[in-house]
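> Build me a model:
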Amino acid sequence: QVQLVESGGGLVQAGGSLRLSCVATGTIFSIGTVAWYRQAPGKQRETVALMESGDRTTYVDSVKRRFTISRDNAKNTVNLQMNSLKPEDTAVYYCNLRIRTRIGTSPNDYWGQGTQVTVSS
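Below is the predicted model:
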């Protein structure tokens, strides 16, 4: 069984920084595409940043040059460094990892529990 545990959210003033982490534990053979999503009150969940298994990254326009997604395959960890935070970044952030638990099986998507990020003006 695979579990994802997120950490690093909190309250920060506009212009500040936060670093989110997502650690996967359990039976893991390989991790493919990883991503961070967010959902603000009354809005749909959106993809903030995505990193493919070959380390190609994609960001939503609103966070480009401010957020950086990274991964540490040895530690089964995905991070999201968030700089120059704005009040509109306020949301619950979720990590998503595509994990293959055993060789020869299809991967499945796993989600973190969500962590609140609040940016005050």
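> pLDDT averaged over stretch 105-113, what's the number?
What stretch 105-113 shows for mean pLDDT is 96.
> what kind of secondary structure is the residue nearest the centre of the chain in?
By Cα atoms, centre = their mean, the chain has its centre lying nearest to residue 36, at 2.9 Å. Residue 36 falls in the strand class when you classify it by DSSP: H, G, I helix; E, B strand; the rest coil.
> can you pull the contacts of residue 70?
Contact analysis of residue 70 by Cβ atoms under 8 Å, 6 or more residues apart in numbering lists 51, 78, 79, 81. In this view, the C-beta of every residue, glycine as well, is placed from N, C-alpha and C.
> Please repeat the previous calculation with a cut-off of 6 Å.
Shown in contact with residue 70 (Cβ atoms under 6 Å, 6 or more residues apart in numbering): residue 79.
> and the residue of the chain positioned farthest from its centre, what helix or strand is that in?
Largest separation from the mean C-alpha position in the chain: residue 104, at 26.3 Å (Cα atoms, centre = their mean). Under DSSP states H and E, no helix or strand contains residue 104.
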